[in-house]
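Just need the structure, nothing else, for what follows:
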Amino acid sequence: MFRKLYFWVMRLAASKHAPASLAVVSFAESSFFPIPPDVMLAPMVLARRERAFFYAGLCTLASVLGGMLGYAIGVFLEPVGMAILTLFGHPEGREEFQRWFDQYGLAVILAKGLTPIPYKLVTITAGFARFDFFTFIWASVLTRGVRFFAVAGILKYCGPAMLKEFERRLNLYSVLLLLLLIGGIVAVKVLL
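From the prediction side, this is the model:
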């Protein structure tokens with residue numbers, strides 16, 4: 001099953017529709033969609049390494065624009081924002097994140113923007129908190145850019161060797177990735 005899904009994503013990543021798909025996923029992930037753009041970015045870079053930094057830039061731009069939508073949801077559509085936070089396991093998310101923004105402000109965006117923790121939680125609650133929009137934008141550009149350009153750079157220069165190893169042990173790495181994902185979700189729920 002993992003092997004079929006993997007090769008389907010690799011074919012999509014090499015298709016002419018890949019950049020548009022990456023932009024859509026990156027935009028949506030920053031405001032309401034649960035799947036991170038790395039799922040598209042990684043195979044796209046591996047399929048066309050010469051376009052790695054173009055893809056990272058596209059991913060960053062779309063992610064920041066999606067973050068603006070998330071921020072607007074927090075400011076103008078509070079019930080929608082609360083529904084999204086509840087869906088992601090944070091029914092009391094507004095108060096919790098409000099405290100984080102009051103206490104740590106910019107550090108919340110900088111730390112969360114670099115991690116796989118759903119960025120939509122940051123964007124929506126930054127809107128709830130009425131965090132300074134200009135600071136929100138430049139911090140989002142910085143953190144999302146660092147994250148996506150780092151992923152693209154590592155895969156561009158180390159990708160072929162990593163790809164062969166990954167394909168050779170695809171089932172093992174799929175199980176490990178699934179366990180890591182589940183562990184990360186549990187850790188986030190416990191810590192937040």
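
In whichever strand or helix holds residue 69, which residues are buried?
Using DSSP states H and E, residue 69 sits in helix 52-76. Neighbour counts using 16 or more other C-beta atoms under 10 Å place 52, 55-56, 58-64, 66-75 of helix 52-76 among the buried residues. C-betas here are computed from N, CA, C, even on glycine.

Could you verify my assumption that residue 64 touches residue 142?
No: taking C-beta atoms under 8 Å as the definition, residue 64 is not a contact partner of residue 142, at 9.9 Å.

where does this protein have low pLDDT?
Scanning the chain with the threshold set as pLDDT under 70 gives 1-10, 85, 87-97, 112-117, 162-192.

Can you read off the backbone torsions of residue 139?
Residue 139 adopts backbone torsions of phi -70, psi -40, taken as degrees, to the nearest 10.

Quick check: closest non-adjacent residue to it.
residue 109 (4.1 Å; C-beta to C-beta, 6 or more residues apart in numbering).

repeat for residue 49
The shortest distance from residue 49 to any residue other than its chain neighbours is 4.9 Å, reached at residue 156 (C-beta to C-beta, 6+ apart).

give me the element residue 28 is part of.
Using DSSP H and E, residue 28 falls in helix 18-29.

Now that helix: buried residues?
Those would be 18, 19, 22, 23, 24, 25, 26, 27, 28, 29, for helix 18-29 by 16+ other C-beta under 10 Å.

What residues does the residue lying closest to the fourth one once chain neighbours are set aside make contact with?
Leaving out its chain neighbours, the residue that sits closest to residue 23 by C-beta to C-beta, 6+ apart is residue 62, at 4.2 Å. Contact criterion C-beta atoms under 8 Å, 6 or more residues apart in numbering gives 22, 23, 24, 26, 27, 30, 37 as the residues in contact with residue 62.

Alright, that wraps it up for me.
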